[in-house]
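S.K.: Kindly return the folded structure for what I paste below:
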Amino acid sequence: MTNARSTHALREIVVNALIAALYVALWLVAATFNLASLAIQFRVSEGLNHLIVFDKRYFWGITLGVLIADVLDRSTPVLLNVPFGVGQTMISLLLVGFVAPKLPKLWMKMVLNIVVFTISMAMIAWMLHLAFQLPFWLTYLSTGLSEAFIMTITAPLMAAVNTAVHFDKVLDA
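M.R.: I've put the predicted structure just below:
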């Protein structure tokens, strides 16, 4: 029994490490085109936030990916970027991870995820206001719309990938 538990725990660690690595790789693609930071943020990597609706245990991989990306991001001071970026992700994932299991349909869970992450972009707008004196409401509008756009276009992609991968079972296999 102990061997099965340690194998299961190792699987969770490895899968979450892969999620973090994938988040960073996708973030780097957006960063290459200056689309990963500041007031316009088209981070395709944010689509991985949808994993939380399949299994709360993806929390650690997503959060670690955001942490690494925010440390690597040189466009914003790390001392602001890390606590605000990771904090925004953690709060959103925890909220969605708590509420989503109570919803009956996958599309409802994904819509919840999109709404929560879009609203929570206020934290990123506030960080950008502090770092660069950008106007809060205009920055919130641009970052919120960017997040809503990316999360909306990646939701059906994640749902489609789920039909083949079964995200809700990956950590239990």
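S.K.: From here on, just use CA atoms for contacts and neighbour counts.
M.R.: Fine.
S.K.: gap between the closest residue to residue 71 other than its chain neighbours and residue 126?
M.R.: In space, residue 71 comes closest to residue 78 once its chain neighbours are excluded; the distance is 5.9 Å by CA to CA, 6 or more residues apart in numbering. Using CA to CA, to the nearest Å, one obtains 15 Å as the distance from residue 78 to residue 126.
S.K.: Between those two, which is the more surrounded one?
M.R.: residue 126 (19 against 15; other CA atoms under 10 Å).
S.K.: Toward the C-terminus from the helix or strand where that one lies, list the very next helix or strand.
M.R.: Element membership of residue 126, judged by DSSP states H and E, is helix 106-132. Using DSSP H and E, the helix or strand that follows helix 106-132 towards the C-terminus is helix 136-165.
S.K.: Show me what that following helix is packed up against.
M.R.: Secondary-structure packing of helix 136-165 (3 or more CA pairs under 8 Å, 6 or more residues apart in numbering; DSSP states H and E): helix 106-132.
S.K.: Can you tell me how far residue 127 is from residue 58?
M.R.: The gap separating residue 127 from residue 58 is 26 Å, by CA to CA.
S.K.: Looking at those two, which is more packed in?
M.R.: More neighbours surround residue 58 than the other of residue 127 and residue 58, with 27 against 23 (other CA under 10 Å).
S.K.: contacting residues for that one?
M.R.: 16, 19, 51-52 (CA atoms under 8 Å, 6 or more residues apart in numbering).
S.K.: so it, which of the three states?
M.R.: In three-state terms, and counting by DSSP: H, G, I helix; E, B strand; the rest coil, residue 58 is helix.
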